[in-house]
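In: Below is the sequence, then the predicted model.
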Amino acid sequence: MTTALITGANRGLGRHFAAELLARGATVYAAARDPQTLDLPGVRPVTLDITDPDAVAAAAALAGDVDLLINNAGISTGAPLLGDLDGVRAEMDVNFWGTLAMVRAFAPVLAANGGGTIVNIASALSWFSAPGAGAYAVSKAANWNMSNALRLELAAQGTQVTSVHLGLADTDMARGIQGPKTDPAVVARRTLDAVEAGDLEVVVDEWSAMVKASLAEDPRAFYDRFLTV
Ligand SMILES: NC(=O)c1ccc[n+]([C@@H]2O[C@H](COP(=O)([O-])OP(=O)(O)OC[C@H]3O[C@@H](n4cnc5c(N)ncnc54)[C@H](OP(=O)(O)O)[C@@H]3O)[C@@H](O)[C@H]2O)c1
């Protein structure tokens, strides 16, 4: 009988995670910056901006029965690393620091509830970069390796840490980007199936699998597609 908290549960992937968990019989805390935008019946609304330390602490105090934390909230601004640093910092503030703040606040909650599971929604862009994705890719690489480190640091309390990697999913974030997009409902189902199976990493789609495999090759073979000017 899982009790889950999902960040960014008002739309996109987060809303699909909430819906799928409800369908599987879980109790669901749905967290959103603006709780008025939560429209799924049956969830417990939580007001939460993950970059606000007071809000993060209040969420952990409110949802003390959680045994599954899904760190889904994220932003993609398109900021390049050599442009305005505010954009770079914004990506890191949400995708890395905000996610880490959630883990730090909820680790004792998970320990008190038997260990539980943390799911961090990373990206295929944890493993490569592309034009226009400089800051985002760095933040998702940090998110991925944060999962690896947390898995070690939380092993003693029995917390599973699972990192999720996908290419494009059909949500607001990918609007305007060309390419095959996975149905976000499928992303939620594959991820929750993998979590139930005890998997530490979810490679959701073929693109992510190809990107991961490319790390064993000469980077020129991968990056030549972007380097033709
Ligand atoms: N869609 C893709 O192609 C794709 C691919 C790979 C990975 N991902 C990752 O999947 C996750 C979900 O993305 P999505 O596609 O569902 O994007 P989305 O449709 O843009 O939704 C993003 C969600 O994150 C929330 N959020 C943003 N900043 C937040 C903050 N500071 N505190 C709390 N919530 C915040 C948003 O809340 P508001 O409604 O208040 O803005 C929204 O609920 C993200 O981590 C994203 O990086 C997405």
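Out: Looks like it arrived, so ask away. Everything numeric in this text was worked out from a predicted model, so none of it was measured.
In: shaky segments in the protein?
Out: Along the chain, segments meeting pLDDT under 70 span 229.
In: so where do the helices sit in it?
Out: According to DSSP state H, the chain carries its helices in the segments 12-23, 53-62, 85-91, 99-112, 134-153, 184-196, 206-214, 219-227.
In: between the ones you listed, which one is nearest to R33?
Out: helix 53-62 (8.9 Å; Cβ to Cβ). (Glycine included, C-beta is placed from N, CA and C.)
In: Can you tell me what sits against that closest one?
Out: Residues lying outside helix 53-62 but in contact with it, judged by Cβ atoms under 8 Å, 6 or more residues apart in numbering, are 5, 29, 31, 46-50, 98, 101-102, 105-106, 108-109.
In: Which of those ranks first by neighbour count?
Out: Ranked by neighbour count (other Cβ atoms under 10 Å), the contacts of helix 53-62 have A31 at the top, with 32 neighbours.
In: Wait, it touches R44, no?
Out: No. Between A31 and R44 there is no contact under Cβ atoms under 8 Å: 9.4 Å.
In: coming back round to it: filtering the contacts of helix 53-62 by proximity to the ligand, which remain?
Out: With Cβ under 6 Å from any ligand atom as the criterion, the contacts of helix 53-62 include L48, D49, I50, G98 near the ligand.
In: Between those residues, which sits nearest A90?
Out: Taking Cβ to Cβ as the measure, G98 is the one of these closest to A90, at 10.4 Å.
In: how far away is the residue nearest to that closest one when sequence neighbours are not counted from A60?
Out: Among residues not flanking G98 along the chain, I50 sits closest, at 3.4 Å (Cβ to Cβ, 6 or more residues apart in numbering). According to Cβ to Cβ, to the nearest Å, I50 and A60 sit 12 Å apart.
In: same thing with S208?
Out: Distance of S208 to A60, given as Cβ to Cβ: 31 Å.
In: what's the answer for F96, then?
Out: For F96, the distance to A60 - Cβ to Cβ - is 19 Å.
In: higher neighbour count, these two?
Out: Taking neighbours as other Cβ under 10 Å, F96 and A60 compare with A60 leading, 22 against 18.
In: What number of residues are in the vicinity of the nearest residue to F226 once chain neighbours are set aside?
Out: Nearest residue to F226, sequence neighbours excluded (Cβ to Cβ, 6+ apart): P131, at 5.9 Å. Number of residues near P131 (other Cβ under 10 Å) recorded here: 8.
In: swap in L22?
Out: L22 has 17 nearby residues by other Cβ under 10 Å.
In: G83 now?
Out: Neighbour count of G83, defined by other Cβ under 10 Å: 13.
In: Equivalent analysis for W207, please.
Out: Other residues within reach of W207 by the criterion other Cβ under 10 Å amount to 18.
In: what does G179 give?
Out: Neighbourhood size, G179 [other Cβ under 10 Å]: 8.
In: same question, S208
Out: What S208 shows, counting by other Cβ under 10 Å, is a neighbour count of 24.
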